[in-house]
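1. Sequence plus the predicted model coming up.
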Amino acid sequence: MTRKSNVEAGGRLTIRDVAARAGVSASTVSRVLGGDYPVSTATRTRVMRAVRELDYVADARAKAIAGVGTPTLAFVLDDITGPSFAHMAHGVEREATRLGHLCLVCSTDGDAEHELEFIETMRAQRAAAVILVGGAADTGEYRERMARIANSLASAGSRLVLCGRPPLERGTPVTVIEYDNEGGAYALCAHLLAQGHERVLFLGGKPDNSTAQGRERGYLAAHRARGMDPDPALRLSGDFTRDSGHRLMRQALAQGLEFTAVFAATDMVASGALTALHEAGLQVPADVSLAGYDDIPYARDLHPPLTTVHVPYEELGRLAVRTALGRTPDAPNEHLLLGTHVVVRDSVAAPGGQ
């Protein structure tokens, strides 16, 4: 009994179906589609006619593994729903498109094994670069793991880019793109202290997260620069979500903590804190001043508009792509730093209406 082809059976077309229609071998079809091997004009014409007649689309993964087709960039983050990450992803995608690259996005939900599996897939597909985004626990294990990944990608002609993640040892083939995280926190807290606030509640992120640690260091440094030693009870840890801000703010009020201003580690945390303050009958900034961090677009639409730190997330994404594609895979460690600045809006005022 003669086996039916995929075309006759209505199944997924393969390169063999194209070869059968064109009357050539599968390897000849591969050469024509890859464009990397001389083929006669007559043969190329037959193959491309078969491609059109069958409406055949080459397997992008197979082309990537073969080193042909559209070059790929991989963008890896913990949570694609985070507004700041979304803006960075937008910058990566726009710059990748401008430079003729396909951008693949992977959201890991903080699963290190999922992250590693995706990176290995991108290495096998010879992605031009793998961009990892967001804070991480800066431990010896982390540095060793990232160094292995960087060297593995470099050996396959790819490049590891760390965006907002802890840097690695000198000599590692990695590109690090950061923003002045601690400096932005220092400037924001200094602004609150300059308004006359002496008890500033800090609603932070996970204690082992490098981004959260940098923002807390800035908070502490601003106090110490003014000869102040902040009350440890005013530093609460959660995560970078709206729900965490709401929960921590309710916790602070229930404990009777005394404070006149709140420094939330992200704008999302600040939005949750703002809701909790309103639920408690407190007005911002008449009763409590409130500030955030990130300057996500809707920060200006809160009531009142939120004082915050602007982070150039979209430019970070663009720069990550431009820098990665402009380096050879085995080039040594490169470290770039972008600035941040305080955006003053209506959520901060002197305590007690002074």
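-> Arrived safely, thanks for sending. Residues are numbered from 1 along each chain as shown.
2. Would you agree Glu314 falls within a strand?
-> No - counting by DSSP: H, G, I helix; E, B strand; the rest coil, Glu314 is not part of a strand but helix.
3. which residues does it contact?
-> By Cβ atoms under 8 Å, 6 or more residues apart in numbering, the contact set of Glu314 is His87, Met88, His90, Gly91, Arg94. Backbone N, C-alpha and C define where each C-beta goes, glycine included.
4. Excluding chain neighbours, what is closest to the third one?
-> The reference is to His90. Glu314 (5.8 Å; Cβ to Cβ, 6 or more residues apart in numbering).
5. Next: the first one.
-> Excluding its sequence neighbours, the residue lying closest to His87 (Cβ to Cβ, 6+ apart) is Tyr313, at 4.1 Å.
6. for the stretch 1-150 of the chain, what spans make up the strands?
-> For the stretch 1-150 of the chain, strands defined by DSSP state E, counting those that start in this stretch occupy the ranges 72-77, 102-107, 129-133.
7. Looking at the contacts of Glu314, which are in helices?
-> Applying DSSP state H to the contacts of Glu314, the entries found in helices are His87, Met88, His90, Gly91, Arg94.
8. Please list only the buried members of these.
-> With burial judged by 16 or more other Cβ atoms under 10 Å, the buried subset of the ones in helices among the contacts of Glu314 is His87, Met88, Gly91.
9. Next, work out how far apart the second one and Ala212 are.
-> What it means is Met88. 17 Å (Cβ to Cβ, to the nearest Å).
10. can you check the last one too?
-> Taken as Cβ to Cβ, the spacing of Gly91 relative to Ala212 amounts to 23 Å.
11. I'd like to know which helix or strand in the chain has the lowest mean pLDDT.
-> None of the helices or strands of the chain scores lower by mean pLDDT, DSSP states H and E than helix 60-65, at a mean of 45.
12. Show me the strands in the stretch 151-300 of the chain, by range?
-> Going by DSSP E, counting those that start in this stretch, the stretch 151-300 of the chain shows strands at 160-163, 174-179, 200-204, 235-237, 261-264, 289-291.
13. what helices or strands is the third one leaning on?
-> For strand 200-204, the elements it packs on are helix 181-194, helix 210-225, strand 235-237, helix 242-254, strand 261-264, helix 267-279, judged by 3 or more Cβ pairs under 8 Å, 6 or more residues apart in numbering; DSSP states H and E.
14. Now those in a markdown table, please, with extra columns for distance to Leu99, mean neighbour count and mean pLDDT.
-> Listed next are these as a markdown table, based on distance: least, Cβ to Cβ, whole Å; neighbours: other Cβ atoms under 10 Å; pLDDT from 0 to 100:
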| stretch | distance to Leu99 | mean neighbour count | mean pLDDT |
| --- | --- | --- | --- |
| helix 181-194 | 27 | 21 | 98 |
| helix 210-225 | 28 | 20 | 96 |
| strand 235-237 | 40 | 18 | 98 |
| helix 242-254 | 35 | 20 | 98 |
| strand 261-264 | 36 | 30 | 98 |
| helix 267-279 | 30 | 22 | 98 |
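15. Present these as a markdown table; the columns should include distance to Val200.
-> Shown next, in a markdown table, are those (distance: least, Cβ to Cβ, whole Å):
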| stretch | distance to Val200 |
| --- | --- |
| helix 181-194 | 5 |
| helix 210-225 | 7 |
| strand 235-237 | 10 |
| helix 242-254 | 12 |
| strand 261-264 | 5 |
| helix 267-279 | 13 |
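16. who are the neighbours in contact with the residue nearest to the spatial centre of the chain?
-> Note on the chain: the residue nearest the mean C-alpha position is Val133, at 3.5 Å, using Cα atoms, centre = their mean. Shown in contact with Val133 (Cβ under 8 Å, 6+ apart): Phe75, Val76, Leu77, Asp78, Phe85, Met88, Ala89, Cys163, Gly164, Arg165.
17. Could you rerun that using 6 Å?
-> Going by Cβ atoms under 6 Å, 6 or more residues apart in numbering, Val133 touches Leu77, Met88, Cys163.
18. By pLDDT, rank these and give me the bottom one.
-> Note: of those, the lowest pLDDT belongs to Leu77, at 84.
19. Against Leu102, how distant is that residue?
-> According to Cβ to Cβ, Leu77 and Leu102 sit 17 Å apart.
20. Show me which of these two is the more surrounded one.
-> Each of Leu77 and Leu102 has its neighbours counted (other Cβ atoms under 10 Å); Leu77 has more, 25 against 17.
21. what is the more buried one paired to in the beta sheet?
-> Beta-bridge partners recorded for Leu77 (DSSP bridges): Ser107.
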